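> For reference, the sequence and a predicted model appear below.
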Amino acid sequence: MAKISIQGVEHAFDAADITNDEGMAIEKQMGCTFDRWNTMLTEGSMQAMTSLVWLLRSRTEPGLRVGDIHFKMGELGFVDDEVEDDAPGVHNDVVSGGGTATVDPKDPEVSGTPPDLSITDA
């Protein structure tokens with residue numbers, strides 16, 4: 001499980017916990033398959049990251065629309081909080097190191113690629 005910080009608020013995220021309803025909503029928003037969305041996340045797609053932010057926030061903010069999602073890249077971070085290795089079929093190398101990883105788009109050392117949040121068959 002990973003924790004993703006969005007504008008200072010931490011959200012728990014486990015790809016294995018995405019419901020079929022959430023997956024279908026993501027497919028409708030993105031205009032692609034759920035599997036392609038996973039790939040787009042790992043490629044750093046802003047559209048896919050916005051959809052992920054929508055997914056996490058909509059769980060506590062019913063009625064939230066994707067068009068309501070606005071954030072600065074520096075306000076999106078991945079928190080390392082004892083990443084578990086026991087969830088079958090989920091990449092758990094979500095973050096490495098400790099603390100919060102934030103993206104500074106002006107930093108030439110930042111690749112801009114988010115952690116692998118995809119679901120695998122293995």
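Right, received. Where do you want to start? Residues are numbered from 1 along each chain as shown.
> what's the helix or strand for Phe71?
Assessed by DSSP states H and E, Phe71 sits outside every helix and strand.
> Repeat that for Thr42.
Using DSSP H and E, Thr42 sits within helix 34-43.
> Please apply the same query to Val79.
Going by DSSP H and E, Val79 is in strand 76-80.
> What sits closest to His11 if chain neighbours are left out?
Nearest non-adjacent residue to His11, counting by CB to CB, 6 or more residues apart in numbering: Leu56, 4.0 Å away. The way it works is simple: take the backbone N, C-alpha and C, and place the C-beta from them, glycine included.
> Dihedrals phi and psi, that neighbour?
The phi/psi pair for Leu56 (degrees, to the nearest 10) reads phi -70, psi -40.
> ok, now how distant is Gly67 from Ser5?
Going from Gly67 to Ser5 by CB to CB, to the nearest Å gives 22 Å.
> okay, the two: which has more neighbours?
More crowded of Gly67 and Ser5, by other CB atoms under 10 Å: Ser5, with 16 against 9.
> That one falls within a strand, correct?
Yes: the assignment for Ser5 by DSSP: H, G, I helix; E, B strand; the rest coil puts it in a strand.
> That one against Phe71, yeah?
No: taking CB atoms under 8 Å as the definition, Ser5 is not a contact partner of Phe71, at 10.6 Å.
> what's the nearest residue to Thr50 if we skip its chain neighbours?
Distances taken as CB to CB, 6+ apart put Ile69 closest to Thr50, at 5.2 Å, once the chain neighbours are dropped.
> For the one you found, give me its contacts.
50, 53-54, 57 (CB atoms under 8 Å, 6 or more residues apart in numbering).
> Out of those residues, which sit inside strands?
Secondary structure defined by DSSP state E assigns none of the contacts of Ile69 to strands.
> could these go into a markdown table alongside distance to Asp35 and neighbour count?
Below are these laid out as a markdown table (distance: CB to CB, whole Å; neighbours: other CB atoms under 10 Å):
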| residue | distance to Asp35 | neighbour count |
| --- | --- | --- |
| Thr50 | 18 | 18 |
| Val53 | 20 | 21 |
| Trp54 | 18 | 21 |
| Arg57 | 23 | 17 |
